[in-house]
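Participant: Prediction below, plus the sequence it came from.
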Amino acid sequence: MTRPTIIGLTGSIGMGKSTVAAMFAEAGIPVFDADAEVRAMQGPGGELVPAIEAAFPGSTGPDGVDRERLGHQVFADKDALARLEAIVHPAVAARRAAFLERHHEPEDVQRARVLARPGMTKQKFDHIFNLQLHDTHKRTRADHVIDTGTTRENTRAQVMALIASL
């Protein structure tokens, strides 16, 4: 399985991460929002609520985790924060892995495009594919990457943007 290209959005609070993530999503790029996943897992009926309540009694209620109450219990105590992270981080990692599994399709798209060509067979495609440098290696060597797994208009816009930037 080929892993998709991963772009990490980082920055401090109020630096525009959510805005940029929304722009990616509007452009049809799958976005994994760890904060949204945590909110869902800590919300009403969320899978992490029982474990958090057990570790931090009184930090949950009918609406899931009470962030203010939980914050009072963990943010001034490094050990408590580590216990919370030990509950939350593996669950987020599992959801991230599932997200990546759902969005690994570039190789599938490539295969479908090539097999649709006249005279192309699966054996011929596999032979050519195995002779070429894998796409992930090409991407790591590239200065710029144009995503052609989208509409022609979007690809054209990327090309024009790259031309303008150069």
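Facilitator: That came through, no problem.

Participant: now the farthest one out in the chain, which residue is it?
Facilitator: Most distant from the centre of the chain: Gly119, at 36.8 Å, with distances by CA atoms, centre = their mean.

Participant: quick one: that residue and Phe125, what's the gap?
Facilitator: When distance is defined by CB to CB, to the nearest Å, Gly119 is 11 Å away from Phe125. No exception for glycine: its C-beta is placed from N, CA and C like everyone else's.

Participant: ok, now Asp33?
Facilitator: Counting by CB to CB, the gap from Asp33 to Phe125 is 36 Å.

Participant: Residues touching the host helix or strand of Val88, excluding its own?
Facilitator: Using DSSP states H and E, Val88 sits within helix 78-102. Helix 78-102 is contacted from outside by 1, 3-4, 6, 30, 32, 34, 37-38, 41, 47-48, 51-52, 55-56, 70, 73-75, using CB atoms under 8 Å, 6 or more residues apart in numbering.

Participant: Tell me the buried residues in that helix?
Facilitator: Across helix 78-102, burial judged by 16 or more other CB atoms under 10 Å covers Arg83, Leu84, Ile87, Val88, Ala91, Val92, Arg95, Phe99.

Participant: do stretch 29-44 as well
Facilitator: Val31, Phe32, Asp33, Glu37, Val38, Ala40, Met41, Gln42.

Participant: In a markdown table: those, plus secondary structure, distance to Met23 and pLDDT.
Facilitator: Output for these, formatted as a markdown table (DSSP: H, G, I helix; E, B strand; the rest coil; distance: CB to CB, whole Å; pLDDT from 0 to 100):
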| residue | secondary structure | distance to Met23 | pLDDT |
| --- | --- | --- | --- |
| Val31 | coil | 10 | 87 |
| Phe32 | coil | 15 | 90 |
| Asp33 | coil | 13 | 91 |
| Glu37 | helix | 20 | 94 |
| Val38 | helix | 22 | 95 |
| Ala40 | helix | 22 | 96 |
| Met41 | helix | 25 | 97 |
| Gln42 | helix | 26 | 98 |
